[in-house]
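S.K.: The sequence and its predicted three-dimensional model are supplied below.
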Amino acid sequence: MIKQRRALALALVAGVAAGGLTGTAAADRAPLRELMHRLTTVDGGPGAVLHVRDRRGGTVLTSGVADVTSRAPMRAGSEYRIGSMTKPFVATVLLQLVGERRVVLDAPVERYLPGVVRGNGNDGRAVTVRQLLQHTSGIPDYLAHLDRQEILRNPLVHHDTRGLVDFALTHPRTFEPGERWGYSNTNYLLAGMIIQRVTGHTYGREIRRRVIGPLGLRHTSVPGDSTAIPGPHPRGYARPGPDAPLLDITAFNPSLAGASGSMISSGADLNRFLGALVGGRLLRPAQLREMMRTRSTRNPGDPVDPHHRAYGLGLESKTLPCGGLYWGHSGDVLGFKTAGGATVGGGQATVMVNLDPGATRAQGDDMTAAVRTALCR
């Protein structure tokens, strides 16, 4: 009898890890299953994986395929490019430097990068470090002015960070610093440059030393110029046009994204990171409070945001349908789209789809719904 019970317990654990749930557990997960199915059917994604964790344990749900040619299913332990989910890592390092009194949040960018932010109304003397991290600087987004089709044609090209910043600054600032909220990847290229100027090390080395190593994130890396994903991973796809076939864009030089979005991770590692960050294990209380001091991403004249999204310093909050907030970020990079979040109560959820760009408009909403539903389960 004891052996039978042990065998049954092991079978149930294996079923949860694979996402194969029955009975009450299956009923509880039915909304998540439906969302995962939508992501890999009507939303256009080849495959999707969702990692959910709370104080009782973890669950992984998968849908679709990791490779459209071989039809290999999506694996639970996959690594993938996380795009702008890199930003909370960068903001964490910069806020650690604030806690060490090596950086002042409300000091001008000019103090750390003299002469770098200049031209077309952009002025590092008028923009603060806080405004970089909160996307209230008004500095134009370099990605908004690049030719996406050219990037898809030449994904292995190296891009110099300073060159990308200088390119952004050939365009006029988008608003007076502090006047509005406006997402700009250039802000985080500059944040990475500040980390290097202050520490003498690249932002990637500081992330490895201060975050990846201490948390034991074995499937997380800052790849630099490496075009490969080191661990087991799905293929990443893009759809160049509405009726175009999928393009395999797995091999990609992430120097294009740099400190704004170059990192690689897994769902389990991202959950561990977000849980540690929100739980106060990475920042001193004063710096965590600053990170969580948010402002609405809705500017005057914008449509009403049903999720009440608000942005702190590299970390955003959204409302939960069951009450309260969760903290996290989303990420888009060639081949992959990610969204994740954590609650102060100890829940974490991260979802990934191996398609970007080229999904339906509903994809982002369904990914957000998967995270919100998982955190309210």
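M.R.: That came through, no problem.
S.K.: pLDDT weak spots in the chain?
M.R.: Within the chain, the ranges that satisfy pLDDT under 70 run 1-28.
S.K.: Residue nearest the middle of it, spatially speaking?
M.R.: Centroid check for the chain by CA atoms, centre = their mean gives Met85 as the closest residue, at 1.7 Å.
S.K.: Who are the contact partners of that residue?
M.R.: Gly261, Met263, Ser265, Leu270, His329, Ser330, Gly331, Thr338, Gly340 (CB atoms under 8 Å, 6 or more residues apart in numbering). Bear in mind the C-beta positions are built from the backbone N, C-alpha and C, glycine included.
S.K.: Just the buried subset of these, please.
M.R.: Of the members of the contacts of Met85, the ones counted as buried by neighbours, 16 or more other CB atoms under 10 Å, are Gly261, Met263, Ser265, Leu270, His329, Ser330, Gly331, Thr338, Gly340.
S.K.: could you redo these as TSV and give each row secondary structure and distance to Ser221?
M.R.: Formatted as TSV, these follow (DSSP: H, G, I helix; E, B strand; the rest coil; distance: CB to CB, whole Å):
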residue	secondary structure	distance to Ser221
Gly261	coil	14
Met263	coil	7
Ser265	strand	8
Leu270	helix	13
His329	strand	18
Ser330	strand	20
Gly331	strand	15
Thr338	strand	15
Gly340	strand	17
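S.K.: Next, format the residues you listed as CSV and append distance to Ile229.
M.R.: As requested, those are exported to CSV (distance: CB to CB, whole Å):
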residue, distance to Ile229
Gly261, 14
Met263, 11
Ser265, 10
Leu270, 15
His329, 20
Ser330, 19
Gly331, 14
Thr338, 13
Gly340, 18
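S.K.: And the residues you listed, which is closest to Leu61?
M.R.: Here the nearest of those to Leu61, counting by CB to CB, is Gly340; it sits at 14.1 Å.
S.K.: quick one, what contacts the closest one?
M.R.: Gly340 makes contact with 85, 267, 270-271, 274, 328-330, 348-351, 371 under the criterion CB under 8 Å, 6+ apart.
S.K.: how far away is it from Gly267?
M.R.: Counting by CB to CB, to the nearest Å, the gap from Gly340 to Gly267 is 8 Å.
S.K.: Pull up the overlap in contacts between these two.
M.R.: Contact criterion CB under 8 Å, 6+ apart; residues bridging Gly340 and Gly267 by contacting each: Thr350, Val351.
S.K.: on that earlier part again, distance of the residue nearest to the centre of the chain relative to Val333?
M.R.: 9 Å.
S.K.: so how far is Ser266 from Leu143?
M.R.: With CB to CB as the criterion, Leu143 and Ser266 are 25 Å apart.
S.K.: the helices in this protein, which residues?
M.R.: For the chain, helices defined by DSSP state H occupy the ranges 2-18, 23-39, 86-99, 129-134, 148-153, 161-168, 185-199, 203-207, 213-215, 267-278, 285-291, 362-375.
S.K.: Contacts for the shortest one next, please.
M.R.: By CB under 8 Å, 6+ apart, the residues outside helix 213-215 that reach it are Arg272, Phe273, Ala276, Arg281, Leu282.
S.K.: If we ignore the residues flanking it in sequence, what's nearest the fourth one?
M.R.: What it means is Arg281. With sequence-adjacent residues excluded and distances taken as CB to CB, 6 or more residues apart in numbering, Arg281 is closest to Leu215, at 7.9 Å.
S.K.: now the strands for the stretch 201-350 of the chain?
M.R.: Using DSSP state E, counting those that start in this stretch, the strands of the stretch 201-350 of the chain run over 237-238, 247-248, 264-266, 295-296, 310-311, 316-319, 325-333, 336-342, 348-353.
S.K.: and these, which is most packed in?
M.R.: Highest mean neighbour count of these: strand 348-353, a mean of 30 (counted as mean count of other CB atoms under 10 Å).
S.K.: between it and helix 267-278, how many degrees?
M.R.: Orientation check (axes from the mean of the first three to the mean of the last three CA atoms, to 10 degrees): strand 348-353 against helix 267-278 gives 140 degrees.
S.K.: Tabulate the CA atom coordinates of stretch 337-345 in PDB.
M.R.: C-alpha atoms of stretch 337-345 as PDB (Å, rounded to 0.1, in the frame of the first residue of the first chain):
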ATOM      1  CA  LYS A 337       7.600  37.700 -26.300                       C
ATOM      2  CA  THR A 338       7.600  37.400 -22.500                       C
ATOM      3  CA  ALA A 339       5.500  38.700 -19.600                       C
ATOM      4  CA  GLY A 340       5.900  38.000 -15.900                       C
ATOM      5  CA  GLY A 341       5.000  39.300 -12.500                       C
ATOM      6  CA  ALA A 342       5.100  38.600  -8.700                       C
ATOM      7  CA  THR A 343       3.000  39.500  -5.700                       C
ATOM      8  CA  VAL A 344       4.200  40.600  -2.300                       C
ATOM      9  CA  GLY A 345       2.300  37.500  -1.000                       C
END
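S.K.: Show me how far that stretch is from its chain's centre.
M.R.: Centre-to-centre, stretch 337-345 and its host chain are 9 Å apart (CA atoms, centre = their mean, to the nearest Å).
S.K.: swap in stretch 164-172?
M.R.: When distances are taken as CA atoms, centre = their mean, stretch 164-172 is centred 24 Å away from the chain's centroid.
S.K.: Over to stretch 60-77?
M.R.: In terms of CA atoms, centre = their mean, the centre of stretch 60-77 is set 21 Å apart from its chain centre.
S.K.: for it, which positions count as buried?
M.R.: Within stretch 60-77, the residues scored as buried using 16+ other CB under 10 Å are Val60, Leu61, Thr62, Ser63, Gly64, Val65, Ala66, Asp67, Val68, Met74, Arg75, Ala76.
S.K.: now the end-to-end length of it.
M.R.: The separation between the terminal residues of stretch 60-77, taken as CA to CA, to the nearest Å, is 9 Å.
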